[in-house]
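J.: okay, sequence plus prediction incoming.
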Amino acid sequence: MNKILIAAAPLMVMASTVTFDEALQQTFANNNELKAKKLNISLAREDLSKAKSYDFGHLYLSEDISRTNNALYVFGNKLESREATFLDFGADQFTGPAAITVAPDKLNNPEARTNYKTKVVYEFPLFTGFKIQYAKEIAKLQIKAKEYKYNRDKNTLAVEVLKAYNGAVAAKYFIKALQSAKQTTTSFVNMTQNLYSQGIIVKSDVLSAKSRDSQVDAKLIEAKNKYNLALAYLRFLTGNNDITGVKDFKVIVSPNSNLDTLKQQALNNRNDIKWMQQNVKTMQKKVKMDSSIKYPTAGVHLEYGFNDDRLTTDKDKDYYLLAANITYNFLDAGKTEELAKSKIQSHQTSLYFAHMKNGIKVDVEQKLLNLQAKTAIIKVKIKNKDLANAVLNQYKEMYKNGLINIAILLMKQADAQKADAELIKAKYDQAIASAELELAVGNPILREKK
């Protein structure tokens, strides 16, 4: 017996009935789509690193290898490597009175030359009209924007998990309700068979009871299938294939929250509001960056290298170059149009932001009213269920006493079964409405454990 228990232990461990909080923690840890969205923050950080790198300039090593018989390049390469002689100018052909009109053959038709140019270059921006500064500020704003966007995506996913979880809970309670209904209809079958054997009722009553019992069997099969489907979706979201069950409904907030307080919380807390704020600031910074056209730009170019017909580090073949550049655009239509476009986009983003804030207030109000209605409906559905069950019990006694026919009794059983289902559905609707209000307010559906 102990060996059997030991062998079954791994299966028992793998099976898992989870709470909503557990399911959500597993989703945050395992969901690949959420992990992919989080990488957008890393991409934004790379943009900041790139912007910061401009502060240090551009340092690189270059090796150019060429072979040509082009007269200009061959002579230029010889001159650069300090190899040019008067013979390259055709000195050996400068004889006689007409020498000045001679076309030097070695200069015009040189032999092909392979040339190696090795150089280290450092380019550094002295002043860019504040472009680098604004680029770094924009990158920082976008890191924050991506973080807020990720938190919004995470909270949206949390609501999806809650819907899946509560959907599984509802399916579980539907099964329990139908199992209870099954007990009732089975008792009707037994009761009618007993009364028929006593000659009190006719055979059709027994058949009607069996038909009703069979209908409940079919609904029970459907409910179990919906439960399995809900669990399958929950396993997909959480990345946990061992989930075999769920516990009770998850309801998050009270329906009696003050509307004005919730609206203010939404404007302060919602991640999409914070994301949009960063976008507004980003566009304002972009306008300033594009305004840099009114400033000059300046930079330096430092170069050191070697030039020869072979790879070398010979000091006789080296050179250096120091250069500075200052540019001022008096007229650049393209840059002016870009600035005008940025100003329009900045104003457009501000208008979208104002529209979003108004929309959020409406969203919060709608979600609160919906939750309050769903909560009120539950009270009615509980009362309906109690009344339906009380009526069913009374009609059962009336049937036993021959006061009603089987059709009326089965109709009352169907009413009681429907009342059970409507109460379960009402509890599910309340749980979803509460989560949607929490999302509208901007509160995290679940704070991750540290």
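T.: That came in fine, so what should we check first?
J.: show me where the stretch 251-400 of the chain has its helices.
T.: Taking DSSP state H, counting those that start in this stretch as the test, the helices found in the stretch 251-400 of the chain are 259-269, 271-290, 333-400.
J.: which residues touch the first one?
T.: To tie it back to what came earlier, the one meant is helix 259-269. 273, 357, 360-361, 363-365, 368, 437, 440-443 (CB atoms under 8 Å, 6 or more residues apart in numbering). In this view, the C-beta of every residue, glycine as well, is placed from N, C-alpha and C.
J.: quick one: the lengthiest strand in the chain to chain centroid distance?
T.: Identified as the longest strand of the chain according to DSSP state E is strand 113-127. Averaged C-alpha coordinates place strand 113-127 at 44 Å from its chain's average position (CA atoms, centre = their mean, to the nearest Å).
J.: I'd like the helices of the stretch 251-400 of the chain as TSV, with mean pLDDT and distance to Asp248 appended.
T.: Below are the helices of the stretch 251-400 of the chain laid out as TSV (pLDDT from 0 to 100; distance: least, CB to CB, whole Å):
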stretch	mean pLDDT	distance to Asp248
helix 259-269	93	25
helix 271-290	94	29
helix 333-400	93	14
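J.: so Lys374 touches Ala433, yeah?
T.: Yes - look at Lys374 against Ala433 with CB atoms under 8 Å: they come within range, at 4.5 Å.
J.: got any ranges where the stretch 1-150 of the chain has weak pLDDT?
T.: Where the stretch 1-150 of the chain drops to pLDDT under 70, the residues are 1-15, 96, 98.
J.: ranges for the helices of it?
T.: Counting by DSSP H, counting those that start in this stretch, the helices of the stretch 1-150 of the chain are 2-14, 20-30, 32-53, 71-80, 105-108, 131-197.
J.: which one's more surrounded, Lys374 and Ala433?
T.: Remark: of Lys374 and Ala433, Ala433 carries more neighbours, 23 against 20, as counted by other CB atoms under 10 Å.
J.: check which residues of the helix or strand containing that one are buried.
T.: Using DSSP states H and E, the element containing Ala433 is helix 406-441. Within helix 406-441, the residues scored as buried using 16 or more other CB atoms under 10 Å are 406, 409-410, 412-417, 419-424, 426-441.
J.: which elements pack onto it?
T.: Helices and strands touching helix 406-441, by 3 or more CB pairs under 8 Å, 6 or more residues apart in numbering; DSSP states H and E, are helix 131-197, helix 203-238, helix 259-269, helix 333-400.
J.: ok and the last one relative to helix 406-441, angle-wise?
T.: Pointing back at helix 333-400 there. Helix 333-400 and helix 406-441 are oriented at 150 degrees to each other (axes from the mean of the first three to the mean of the last three CA atoms, to 10 degrees).
J.: ok, and the closest non-adjacent residue to Ile138?
T.: Closest residue in space to Ile138, ignoring its immediate chain neighbours: Lys285 at 4.9 Å, by CB to CB, 6 or more residues apart in numbering.
J.: that neighbour touches Gln133, doesn't it?
T.: No - if you go by CB under 8 Å, Lys285 and Gln133 don't touch, sitting 9.4 Å apart.
J.: quick one, which of those two is more surrounded?
T.: More neighbours surround Lys285 than the other of Lys285 and Gln133, with 21 against 17 (other CB under 10 Å).
J.: quick one: that one and Ser292, what's the gap?
T.: Distance, Lys285 to Ser292, by CB to CB, to the nearest Å: 11 Å.
J.: what touches both of the two?
T.: Tyr134.
J.: give me the pLDDT value at the closest residue in space to Tyr428 that isn't next to it in sequence.
T.: By the measure of CB to CB, 6+ apart, the closest residue to Tyr428 outside its immediate chain neighbours is Ala170, 4.2 Å from it. pLDDT recorded at Ala170 is 95.
J.: run through the residues that contact Ala170.
T.: Phe249, Ile424, Lys425, Lys427, Tyr428.
J.: next one: Leu126
T.: Ala298, Gly299, Val300, Ala324.
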